Structure formats: C-alpha cells, structure tokens
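In: Below are the sequence and a predicted model for it; my questions follow.
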Amino acid sequence: MTSLSLKNVSKSYGTVEVLRNINLEIEAGELIVFVGPSGCGKSTLLRMIAGLEKITGGTLEIDGMVVNDVPPAQRGIAMVFQSYALYPHMTVYDNMAFALKLAGKSREEIDKAVRAAADRLQLTQYLDRLPKALSGGQRQRVAIGRSIVRDPKVFLFDEPLSNLDAALRVATRIEIAQLKESMPESTMVYVTHDQVEAMTLASRIVVLHGGNVEQFGAPLDLYERPANTFVAQFIGSPAMNLIEAKVTATGATTSVQMADGGHADVPVASESGDSGATVKLGVRPEDLTVTDSDDFLVSAQVELVEALGETTVLYFMSRNGEPALIAKLPGIHRIEKGTTIRLTAAPKKLHLFDSAGKSFLYR
C-alpha cells in the first residue's frame with residue numbers, strides 16, 4: 001500500500017503562479033478526488049504527481065521518498081487519460097500487453113496479467129477486437145486495464161469519463177467504484193469537474209479554486225460542513241442558497257434577520273463583535289420546506305416550477321440583486337407561478353458565513 005505526501009507544493013509558469021503551497025496527506029488505499037472549476041489547477045497537480053510537470057516549489061513524497069526529480073517511469077504510477085490513447089492497429093489484448101512487453105516480461109507473465117485484468121473489467125470477450133469495434137465505455141475500460149496490468153503503486157485518473165455520454169458515464173462510474181472495491185490496497189487519485197463523480201467515488205475530496213485548496217475532507221463533511229461559500233455552492237446540486245442577513249443576537253446560537261422579515265436561530269457560535277454584522281445565511285434547496293407560519297426563514301415569489309414527479313423544483317424571483325432562491329421539494333406540489341410563499345428549514349440544516357465568505361464553524 002502506498003501513501004502520498006505533498007508539502008508546500010507550488011507550480012509557476014514564468015511569473016504566473018497556478019498552484020500555491022498545496023499541502024495534502026493521502027493515505028494508502030484511499031481514492032482521492034480533485035474537483036474544481038476549469039483552470040483551478042487540478043489536472044496540473046495530477047500531472048505533477050505523475051512527473052509530467054516539474055514541481056516549482058515544495059516536495060512530493062511517495063511512501064516517504066522524495067520523488068521531485070524521479071522520472072515518471074520510475075515512480076510506480078499508472079495514468080488513465082481523458083482520451084483513451086489506444087493503439088488503433090492493436091487488439092485489446094495487445095494494447096493491454098504493450099507496456100509489459102516493453103518491460104521485458106515473459107509471455108506467461110503477460111498473458112496471466114492481461115487475462116486477470118480483462119476478467120476484472122469484463123473485457124475477456126473483447127480481447128481479439130480492435131479499438132474501433134468497441135464502444136466508448138469499453139475503450140475506457142481497456143485504458144484502465146492497460147494500467148492495472150502494470151500493478152502500479154498509484155493510479156491516476158484524469159477526467160476519464162468526460163468523453164462518454166450520460167448513460168455510459170453512470171455505468172463506467174459504477175465500474176470504477178467496483179474496481180476500487182476489488183483493489184482495496186490500491187491508492188487512486190482522480191480528477192473531475194463533475195461533483196457527482198466526486199461525491200460517489202471519493203474517500204476524500206480536494207476542492208481546488210484559483211490554485212488553492214479550499215477544503216479537503218470526506219464527501220459528506222464537505223456537503224454538511226462547507227468551509228466557505230465557494231465550497232458550499234460548488235458541492236451540491238442545485239447549489240446552496242445564500243441569503244443576506246443581519247446578526248441580531250450572538251452567543252452559542254446566532255440569531256439573524258432577513259430583509260423580508262424572516263429570521264433564524266442558527267446553532268453556531270458567534271462573538272459579541274459579530275452583533276449587527278452583515279452575513280450570508282446558507283440553506284440547501286433540498287432542506288427548504290413550505291410553511292404558513294409567521295415563524296419563517298424567507299418569503300419569495302415563485303418564478304418557475306419544474307414538476308419532475310419525484311421532486312418539485314421551485315425557482316424564485318431575485319430580490320435586491322441577490323441570486324434567485326431555489327427550493328427542491330420532495331414529491332408533487334401544485335404551486336402556481338407568481339405565488340408568494342414562505343419557506344423554512346430545520347435549524348441544524350442552516351449555515352452561516354461571514355463577510356469574507358468563511359463559515360462560522362471554521363473561524
């Protein structure tokens with residue numbers, strides 16, 4: 001089993017700094033997912049681990065050994081790219097066997113490794129086919145199989161599902177999850193911009209933004225306890241609602257008042273100096289419920305209704321330049337456009353962020 005340690009790792013292209021002081025401790029056997037918007041540096045960070053990009057500052061350790069200057073081929077790493085990168089003139093068998101042939105392995109060793117990987121990935125019946133005779137999902141499995149046969153210390157996946165259609169993405173995502181279960185000692189690092197992939201696959205998630213690590217933790221920790229407004233709105237779909245509010249009482253519980261008369265008692269601690277401060281109250285669309293009570297969180301006018309059967313999604317008119325609110329209600333609700341309704345949520349489902357966007361839980 002192999003661990004990874006990144007200590008103050010930075011990357012610059014000339015005067016342009018794209019990654020700053022990245023500190024991560026990846027434990028052996030974990031499946032770590034890097035997520036973030038385009039340009040945040042997640043693929044660059046993955047390529048630095050692979051040795052395809054030079055580390056500008058800091059150190060990268062694999063099993064306690066600094067590998068900053070170790071060539072990619074000697075790091076014990078196998079990488080699955082966004083493009084399948086299969087040799088079109090070679091069969092599935094030969095594509096999977098190619099690296100082992102270059103390594104000088106015997107015919108018996110190669111055959112055993114290829115057939116074991118093909119069996120694990122349900123590719124046995126396709127071993128004699130050329131890549132052009134395979135579906136996109138099957139080609140991606142061949143690319144994964146080509147990595148498995150090398151028995152690497154660490155697997156790196158660079159957005160491996162982005163070229164697949166929606167149905168194949170779901171099927172292949174399940175296959176990768178099953179592959180990880182069948183290889184519990186393997187350490188995997190996976191890059192994606194799709195938060196669903198991150199939430200369903202990861203042992204822990206690294207959220208990157210602007211070259212910095214915004215938060216690193218288990219999927220549900222990030223969902224239930226986001227460190228700041230960026231993570232709060234990046235993890236979860238639809239994104240978390242953020243409502244401007246004023247702090248009216250401080251202490252072990254913080255009370256806030258909204259402009260429309262709504263109020264909330266949020267079970268997070270605040271200091272006396274927070275009294276009167278402008279803050280953001282966070283609540284996820286799926287945690288909102290309709291109420292007729294005067295004890296409400298927010299009141300808003302419905303602008304659009306999406307009746308999906310299993311859920312009803314309500315979009316509300318924007319007020320005072322704030323982003324429009326969204327409520328995701330379970331089941332069928334017959335609510336007309338233009339209706340003004342009141343919404344509430346359980347106090348334990350509420351989040352509070354200061355003027356800098358930092359959660360009160362992490363101050």
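Out: Sure thing, it's come through. Numbering: from 1, shown residues only.

In: would you list every one of the helices in the stretch 251-363 of the chain?
Out: Assigned by DSSP state H, counting those that start in this stretch, the stretch 251-363 of the chain shows no helices.

In: can you pull the contacts of Tyr93?
Out: 114, 118, 127-128 (CB atoms under 8 Å, 6 or more residues apart in numbering). In this view, the C-beta of every residue, glycine as well, is placed from N, C-alpha and C.

In: same question, Lys11
Out: Residues in contact with Lys11, defined by CB under 8 Å, 6+ apart, are 17-19, 41, 44-45, 48, 53, 55-57.

In: partner residues bridging it?
Out: Leu19 (DSSP bridges).

In: ok, Met199 - contacts?
Out: Applying CB under 8 Å, 6+ apart, the residues contacting Met199 are 205, 219, 223, 235.

In: ok, now Thr248?
Out: Each residue near Thr248 by CB under 8 Å, 6+ apart is listed here: 255-257, 263, 275.

In: picking up where we left off before, could you save the contacts of Lys11 as CSV and add columns showing secondary structure, pLDDT and neighbour count?
Out: Output for these, formatted as CSV (DSSP: H, G, I helix; E, B strand; the rest coil; pLDDT from 0 to 100; neighbours: other CB atoms under 10 Å):
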residue, secondary structure, pLDDT, neighbour count
Glu17, strand, 93, 15
Val18, strand, 94, 17
Leu19, strand, 96, 26
Gly41, coil, 92, 22
Thr44, helix, 94, 19
Leu45, helix, 96, 28
Met48, helix, 96, 23
Glu53, coil, 94, 17
Ile55, coil, 96, 20
Thr56, coil, 95, 14
Gly57, strand, 95, 16
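
In: out of those residues, which one sits closest to Phe230?
Out: Nearest to Phe230 among those is Gly41, at 14.3 Å by CB to CB.

In: give the contact list for that closest one.
Out: 11, 18-19, 208, 211 are the contacts of Gly41 under CB under 8 Å, 6+ apart.

In: tell me which element the most centrally placed residue in the chain is part of?
Out: For the chain, the residue sitting closest to the mean C-alpha position, by CA atoms, centre = their mean, is Ala198 at 3.5 Å. Element membership for Ala198 (DSSP states H and E) is helix 195-201.

In: Using CSV, write out every CA atom in that helix.
Out: Written as CSV, here are the backbone C-alpha positions of helix 195-201 (Å, rounded to 0.1, in the frame of the first residue of the first chain):
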residue,chain,number,x,y,z
GLN,A,195,-19.2,16.8,-8.4
VAL,A,196,-21.5,13.7,-8.7
GLU,A,197,-18.4,11.6,-9.6
ALA,A,198,-16.6,13.1,-6.7
MET,A,199,-19.4,12.5,-4.1
THR,A,200,-19.9,8.9,-5.2
LEU,A,201,-16.3,7.7,-5.7
